[in-house]
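[1] When you get a sec, could you give me coordinates for this:
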Amino acid sequence: MERADVLILGGGLVGLSLAIALSRNGVTTIVVDAAEPASQIAPAFDGRTTAVSSSSWRMLQAIGVGEKIEAHGCPIRTIRVSDGLAPGSLTFDPSRGSLGDDGDADPLGIMFENRLIRQALQQTAAECEHITVIAPARTGEVVRDEAGVRAALTDGRAVMASLLIGAEGRNSPTREAAHIPLARWQYDHSAMVTTVRHERPHENVAYEIFYPAGPFAILPMLDDEEGRHRSAIVWSVSAADGPAYMGLSDRAFAAELEKKMGGALGRVEMGSRRWTYPLGFHHAAQITDLRLALVGDAAHGIHPIAGQGLNLGFRDAAALAQVLVEGARLGLDLGDAQLLDRYQRWRSLDSFSVALATDSLTRIYGVPGRTASALRRFGMGLIDRIAPLKDRLMAEARGESGELPLLLRGLPI
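    Modelled structure (predicted):
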């Protein structure tokens, strides 16, 4: 039987980040993932991109992952939010805030392709002496009791640990097996994700344009090898209209994108294939149980309207890593209820607040009609004139509000 301090089910972005953070501090982990690792870094696997917040980036640097992907990241210096293409946008620009004429050195986020983050995490995990990755593999029977955690793998192996961590994503079997109550609903939206090339430079500006049918995000990316300007697109449309849009030719789809952009970036052409994802919300009533902790999408899933989903998962990983490492230094059993209660208290309010905010934004900007649009533009104009409020919202975008774990401050545990 293979033994480790912690058994992590799910070797995605959050699960591997947590394993690496623990390994850097001498905590041993076994990571079991159902997917073939090589398939997860193929260009055709996942077209999603992530605006990694400043605090999440500091964590990736602290655990030795940042240096592997730094050259592939495109900083977001400005965010412009608008209600359709009507005048009256809200602009977040740290260099023009109340923080001083010199601005703030940190960008509002750094854009990366998810597959490149995943590749760097896999490489780093392979270099860590305290991580054992078993993939592809699935778990059969999992037992959690006062003595510890025992899991039988479908390939016949058995593993044992003090703590089980569920990091398998939105449909976490571990969460379901623990019978943890879940608030869940589907939005009448599908997100279409792709990369485009465009005529004009984006100047490191991200756009969030709210249309009645759903938000339309333009996210800056690095120029390609031939020097052509690129941006990632996340376009939410009604679930009923999604198949029709996905069925358009590349030229027709690019023309639709160009219209939605209002010509802001000039001529547009497709830069990659398209992916589509259903959109939903879920939030676990609790993120711990007997010798169990949930992280990332296993604990909460939100609308991508503010681009905070993966960053919430990184915050989970940073907080749980600190709780466990500090517990290990005190000689505590890593499945101890007091440690898990600390993690529960630390993460519950932050994750619920972000989930509530993104759900509220989705509903507010989904109200049709001129009156609703006028009220939204008035509200954005008001925020634009209140510098302390804008600074607070920028801090939220960077993931710098609340009690930050050490890793999110760029400090070792």
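[2] Break down this protein into its helices, ranges please.
    Under the criterion DSSP state H, helices of the chain are mapped to 13-23, 54-62, 66-69, 114-127, 173-177, 242-246, 250-261, 309-329, 337-364, 370-385, 387-398.
[3] what's the most buried one of those?
    Each of the helices of the chain was assessed for mean neighbour count using mean count of other CB atoms under 10 Å. The highest is helix 13-23, with a mean of 28. From N, CA and C alone the C-beta is placed, and that goes for glycine too.
[4] Can you tell me which helices and strands that one packs against?
    Counting contacts by 3 or more CB pairs under 8 Å, 6 or more residues apart in numbering; DSSP states H and E, helix 13-23 is packed against strand 6-9, strand 29-32, helix 54-62, helix 114-127, strand 131-134, helix 309-329.
[5] wait, which of the ones you listed is closest to Ala71?
    Closest to Ala71 of the helices and strands packed on helix 13-23 is helix 114-127 (CB to CB; 9.9 Å).
[6] name the helices or strands packed onto that closest one?
    Packing partners of helix 114-127 (3+ CB pairs under 8 Å, 6+ apart): helix 13-23, strand 49-52, helix 66-69, strand 131-134.
[7] now do 10 Å
    Where contact means 3 or more CB pairs under 10 Å, 6 or more residues apart in numbering; DSSP states H and E, helix 114-127 is packed against helix 13-23, strand 49-52, helix 54-62, helix 66-69, strand 109-113, strand 131-134.
[8] Give me the average confidence score over the first one.
    Rounded to a whole number, the mean pLDDT of helix 13-23 is 98.
[9] now do the fifth one
    Averaging pLDDT along strand 109-113 gives 94.
[10] likewise stretch 404-413?
    95.
[11] And for it, what's in contact with it?
    Contacts of stretch 404-413 with the rest of the structure, by CB atoms under 10 Å, 6 or more residues apart in numbering, involve 17, 21-22, 24-25, 27, 53-63, 66, 311, 314-326, 329, 346-347, 350, 398-400, 402.
[12] again, 7 Å this time
    Outside stretch 404-413, the residues within contact range by CB atoms under 7 Å, 6 or more residues apart in numbering are 21, 25, 55, 58-59, 61-63, 315, 318-319, 321-322, 325, 399.
[13] go on, stretch 182-194?
    So stretch 182-194 is contacted by 47-48, 214, 233-239, 242, 245-246, 270, 272, 274-285, 303-304, 362 (CB under 7 Å, 6+ apart).
[14] of those, buried ones?
    The neighbour count (16 or more other CB atoms under 10 Å) marks 47-48, 214, 233-237, 239, 242, 245, 270, 272, 274, 276-277, 279, 281-284, 303-304, 362 as buried among those.
[15] which ones among the residues you listed are found in strands?
    Applying DSSP state E to the buried ones among the contacts of stretch 182-194, the entries found in strands are 214, 233-237, 270, 276-277, 279, 281-284.
[16] Please identify which pair of the residues you listed lies farthest apart.
    Met270 and Ala284 (37.7 Å).
[17] Could you double-check that Gly109 lies in contact with Ala51?
    Yes - with contacts counted by CB atoms under 7 Å, Gly109 reaches Ala51, the gap being 3.5 Å.
[18] Please enumerate the shared neighbours of those two.
    By CB under 7 Å, 6+ apart, the residues touching both Gly109 and Ala51 are Ile76.
[19] Glu269: neighbouring residues, count only.
    By other CB atoms under 10 Å, 15 other residues sit near Glu269.
[20] sorry, that was for Met192
    For Met192, the count of nearby residues is 21 (other CB under 10 Å).
[21] Equivalent analysis for Ser249, please.
    The tally of other residues near Ser249 (other CB under 10 Å) stands at 9.
[22] Would you map out the domains in the protein?
    The chain is divided into the following domains under automatic domain parsing: 2-183+280-409, 185-279.
[23] Pick out the shakiest of these, pLDDT-wise.
    domain 2-183+280-409 (a mean of 88).
[24] Can you give me every residue that contacts the closest residue to Glu141 other than its chain neighbours?
    Leaving out its chain neighbours, the residue that sits closest to Glu141 by CB to CB, 6 or more residues apart in numbering is Ala152, at 4.9 Å. Contacts for Ala152 (CB under 7 Å, 6+ apart) come out as Thr139, Gly140, Glu141, Ala158.
[25] What is the nearest of those to Ala255?
    Ala255 has its nearest neighbour among the contacts of Ala152 in Thr139, at 47.4 Å by CB to CB.
[26] and the nearest residue to the closest one once chain neighbours are set aside, how many neighbours does it have?
    With sequence-adjacent residues excluded and distances taken as CB to CB, 6+ apart, Thr139 is closest to Ala151, at 4.9 Å. For Ala151, the neighbour count with other CB under 10 Å is 22.
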